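J.: My questions concern the predicted model and sequence given below.
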Amino acid sequence: MLDAAIIGAVLASVVAAATTLLLASLGELVAERAGTLNLGVEGMMIVGAAVGYVTAYGSGSLLLGTLAAVLAGMALSLVFAVLAIWLATNQVASGLATTILGLGLAGLIGASFVGTQLAGAPQLHIAGLTELPILGKALFGQDAFVYVSFLLLAAVTYTLARTRIGLVLRAVGENHAAAHALGHPVRGIRTLAVMFGGACAGLAGAHLSLAYTPFWAADMTAGRGWIALALVVFSAWRPLWLLGGAYLFGAVSILQLHVQGFGLGIPSQFLSALPYLATIIALVVISALKHGRGAPASLGVPFVPDR
Amino acid sequence: MRKILSMAIAIAAGLALAGAGLPEAQAAEKLKAAWVYVGPVGDFGWSYQHDQGRKAVEAHFGDKVETTFVENVDEGPDAERVIEQLARAGNTLIFTTSFGFMEPTLKVAKRHPKVFFEHATGFKRAKNVSTYNAKFHEGRYVLGQIAAKTSKTGTIGYIASFPIPEVIAGINSLMLGAQSINPDMKIKIVWVNSWFDPAKEADAAKALIDQGADVISQHTDSPAAMQAAETRDVKAFGQASDMIKFGPDSQLTSIVDNWAPYYIERVQAALDGTWTSTDTWGGMKDGEVVMAPYTNMPDEVKKMAETTQAAITSGALNPFKGPITKQDGTLMVKEGEVLADKDILSMNWYVKGIDDKVPGQ
């Protein structure tokens, strides 16, 4: 029953499922490395999904829709940034408010588009490569969002580790007082990082409403923003681990559906809980192995310059 | 998180209602009716169809009735808060439209004996609490027959939500319909443990298709599975709404929930002062279970489906007519008998021919 065709199909589904999570969590990772915890990921994602869908539907251009989704995610993240960074409000409360605002706004924006659909983002097809057994479809038969997620991952990994901008950003997240003393604009950098997070969340939303299930339905993110947040912790704030986390999560959530289809008799409730169980186990393992490398030291602490 | 969300919604609803409650004296003539939804009205599925029913009430009664709704209400303690707020805000009639609202509805009803409550899909009633549901399994029997005629692989894929009696009865009814045409039909069941998660529903549909199912049926609320079936060029049945737009070349038919006749009847009863606690389980003959047009199938199959539908509507055919055997071979319904309503409403076993286990059994 496990032939190459099924394995290939499973792998392709896993890549698609992991991409939404990777995109959203990558943005949040950058925001958190700069010291801001934005619990508004779910809200920014859903607004991205709604605005992206509505724009693409109206203009007929998926590219324009994606762009609009990115901008919408950034706009909502800016609302959060003004509250949490410039007015130094409680980040947890502001983030939750951002999510609630986003869910409501998105429902409003998409209300008259319920029951319509789009053609959806095209999938890559390279003659000879896409047809390869097992890995062909997974690697060479995906939509543009998948390849963009890899480019973004590479860019974030490189920027954080190897560039001056990345160094400053990490400094702001680790010790904002010191960064401030060195003359770095702490709040400005944090705002940009949060907006990058908003852009990524918007992109993840567009992936859902323009490629994964190309229609609009309220609440269609169904909690993926929260999973993205958990993945950032799971990855111990390291982009490459994020890749592993997102793909592990994607893999377990797709595989459990197949296990059920084969009728192996494992309770489906247990299978549905499996991805979360895997996250918890990974968290425990990571925290047991950790050598003083955890959350950015200034994460969640508002910065108010003393003059 | 859903908790926090619905809490906020409950608070917001409370505030809105408190504000709306001020000019109560001048609006006393109007009957106020409220609906509580488990999902968003924009789900294009379960909650969407209930809201269509609410809109039909507004259109039918015009100025005589004022309706409100609260969407995305969690099935738990938050539901009680929302229902309580609605009861206090002067609503005469409150419809709570999900199974999990059963206990909260009964609790609030006890505190507000003058308010009428209507709980969808539940089985507990009180003096001021009615229950109502629709026999969607009647439609699923027709789906089973169509699937057996349509499938080339002999395998039906079924995306299920939660292992509650209603869903299990739906699977059994579909399978009995399929077996009436082809006794060897197979079914693959995937539980997504959610009523509404488009991406997961799409994943489930793809998994079933990858495993050889070529007719997809769903008991979840979004059109994602239909869309996936369309992309993968297999046939599918819609759920709750007519989803033909999502599967112009895939949809065979769809079971459409039509709550409008029931809602109009109950609001009328409340207006007339004749409202009493009832238990309504309408089906095809009551116009509650409606089949979307039969499409993407040969005329011969279409004719068969129409004949079956007519037979169920007239009462000549009952999907749960005997003989029905359980998986282990136990005879559950004897030849010439039909399964009692209460046994359908508490169904927790599969019929013979399903090679799977009811989760948790």
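T.: Structure received. Residues are numbered from 1 along each chain as shown, chains lettered A, B, ... in the order given.

J.: could you measure B:Glu75 against chain A, distance?
T.: To chain A, B:Glu75 is 15 Å away according to C-beta to the nearest C-beta, to the nearest Å. In short, each C-beta sits where N, CA and C put it, glycine included.

J.: what sits against that residue?
T.: Contact analysis of B:Glu75 by C-beta atoms under 8 Å, 6 or more residues apart in numbering or on different chains lists B:38, B:98-101.

J.: 6 Å instead?
T.: B:Glu75 sits next to B:98, B:100 when contact means C-beta atoms under 6 Å, 6 or more residues apart in numbering or on different chains.

J.: can you check B:Val215 too?
T.: Here B:Val215 is in contact with B:147, B:150-151, B:156, B:235 (C-beta under 6 Å, 6+ apart).

J.: got a pLDDT number for the residue in the stretch 51-200 of chain A that chain B sits nearest to?
T.: Shortest the stretch 51-200 of chain A-to-chain B distance, computed as C-beta to the nearest C-beta: residue-wise this is A:Val114, at 4.5 Å. A:Val114 carries a pLDDT value of 88.

J.: try B:Gly322
T.: 88.

J.: ok, so what distance separates it from B:Tyr350?
T.: Here B:Gly322 is placed at a distance of 16 Å from B:Tyr350 (C-beta to C-beta, to the nearest Å).

J.: give me the number of residues near B:Pro113?
T.: Applying other C-beta atoms under 10 Å in any protein chain shown, we find 10 residues neighbouring B:Pro113.

J.: State whether it is indeed within a strand.
T.: No. Counting by DSSP: H, G, I helix; E, B strand; the rest coil, B:Pro113 is not found in a strand; it is coil.

J.: for the residue nearest to it when sequence neighbours are not counted, what are its contacts?
T.: Of all residues not flanking B:Pro113 in the chain, B:Asn128 sits nearest, at 5.9 Å (C-beta to C-beta, 6 or more residues apart in numbering or on different chains). Counting by C-beta under 6 Å, 6+ apart, B:Asn128 touches B:109, B:113, B:116-117.

J.: Run through the helices of the stretch 1-150 of chain A in chain order.
T.: Using DSSP state H, counting those that start in this stretch, the helices of the stretch 1-150 of chain A run over residues A:4-33, A:41-59, A:62-81, A:91-110, A:136-140, A:144-162.

J.: Save the ones you listed as a markdown table, and put in distance to chain B, mean neighbour count and mean pLDDT too.
T.: A markdown table is the format used below for these (distance: least, C-beta to the nearest C-beta, whole Å; neighbours: other C-beta atoms under 10 Å in any protein chain shown; pLDDT from 0 to 100):
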| stretch | distance to chain B | mean neighbour count | mean pLDDT |
| --- | --- | --- | --- |
| helix A:4-33 | 4 | 25 | 94 |
| helix A:41-59 | 7 | 29 | 97 |
| helix A:62-81 | 15 | 23 | 98 |
| helix A:91-110 | 5 | 21 | 95 |
| helix A:136-140 | 11 | 20 | 87 |
| helix A:144-162 | 13 | 16 | 96 |
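
J.: In CSV, list those helices along with distance to A:Ser209.
T.: Formatted as CSV, the helices of the stretch 1-150 of chain A follow (distance: least, C-beta to C-beta, whole Å):
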stretch, distance to A:Ser209
helix A:4-33, 11
helix A:41-59, 4
helix A:62-81, 8
helix A:91-110, 9
helix A:136-140, 23
helix A:144-162, 11
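
J.: looking at this, B:Val256 is in a helix?
T.: No. B:Val256: not assigned to a helix; according to three-state DSSP it is strand.

J.: Find the residue closest to it in space, skipping its chain neighbours.
T.: B:Val256's closest residue in space is B:Val290 (C-beta to C-beta, 6+ apart), at 4.3 Å.

J.: just to revisit the earlier point, which ones among the contacts of B:Asn128 lie within helices?
T.: With DSSP state H as the criterion, helices contain B:Ala109 from among these.

J.: Only the buried subset of the contacts of B:Asn128, as a PyMOL command please.
T.: Remark: buried members of the contacts of B:Asn128, expressed as a PyMOL selection using 16 or more other C-beta atoms under 10 Å in any protein chain shown:
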select buried, chain B and resi 109+116+117
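
J.: Kindly reformat the contacts of B:Asn128 as TSV containing pLDDT.
T.: Below are the contacts of B:Asn128 laid out as TSV (pLDDT from 0 to 100):
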residue	pLDDT
B:Ala109	96
B:Pro113	95
B:Phe116	97
B:Phe117	97
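
J.: one step back: for A:Val186, find the nearest of the helices of the stretch 1-150 of chain A.
T.: Across the helices of the stretch 1-150 of chain A, A:Val186 has its closest neighbour in helix A:62-81 (12.5 Å, C-beta to C-beta).

J.: What are the contacting residues of the closest one?
T.: Defining contact as C-beta under 6 Å, 6+ apart, one finds that helix A:62-81 is touched by A:38, A:40, A:44, A:47-48, A:51-52, A:55-56, A:94, A:98, A:102, A:121, A:191, A:194-195, A:197-199, A:201-203, A:205-206, A:210.

J.: Now stretch B:231-247: buried residues?
T.: Of all the residues in stretch B:231-247, those buried under the rule 16+ other C-beta under 10 Å are B:231-232, B:234-247.

J.: same question but for stretch B:64-76, I mixed them up
T.: Under the neighbour-count criterion of 16+ other C-beta under 10 Å, stretch B:64-76 has B:65-75 buried.

J.: Which member of the contacts of B:Asn128 is positioned nearest chain A?
T.: Nearest to chain A among the contacts of B:Asn128: B:Phe117, at 25.8 Å, using C-beta to the nearest C-beta.

J.: who's in contact with that closest one?
T.: For B:Phe117, the contact set (C-beta under 6 Å, 6+ apart) comprises B:94, B:105, B:109, B:128-129.

J.: So which of these belong to strands?
T.: Counting by DSSP state E, the contacts of B:Phe117 place B:94, B:129 in strands.

J.: Among the buried residues of stretch B:64-76, which lie within strands?
T.: B:65-70.

J.: Tell me how many other residues surround the residue nearest to B:Val256.
T.: Using other C-beta under 10 Å, B:Val290 has 15 neighbouring residues.

J.: which bits of the stretch 101-250 of chain A sit near chain B?
T.: Proximity of the stretch 101-250 of chain A to chain B, by C-beta under 6 Å from any C-beta of the partner chain, involves residues A:107, A:114-115, A:117, A:212-213, A:217-220, A:222, A:226.

J.: can you do 7 Å?
T.: Residues of the stretch 101-250 of chain A lying close to chain B (C-beta under 7 Å from any C-beta of the partner chain) are A:103, A:107, A:110-111, A:114-115, A:117, A:208, A:212-213, A:215, A:217-220, A:222-223, A:226.

J.: Can you classify the closest residue to B:Met284 other than its chain neighbours as helix, strand or coil?
T.: For B:Met284, ignoring the flanking residues on the chain, the nearest one in space by C-beta to C-beta, 6+ apart is B:Thr313 at 4.4 Å. When classified by three-state DSSP, B:Thr313 comes out as helix.
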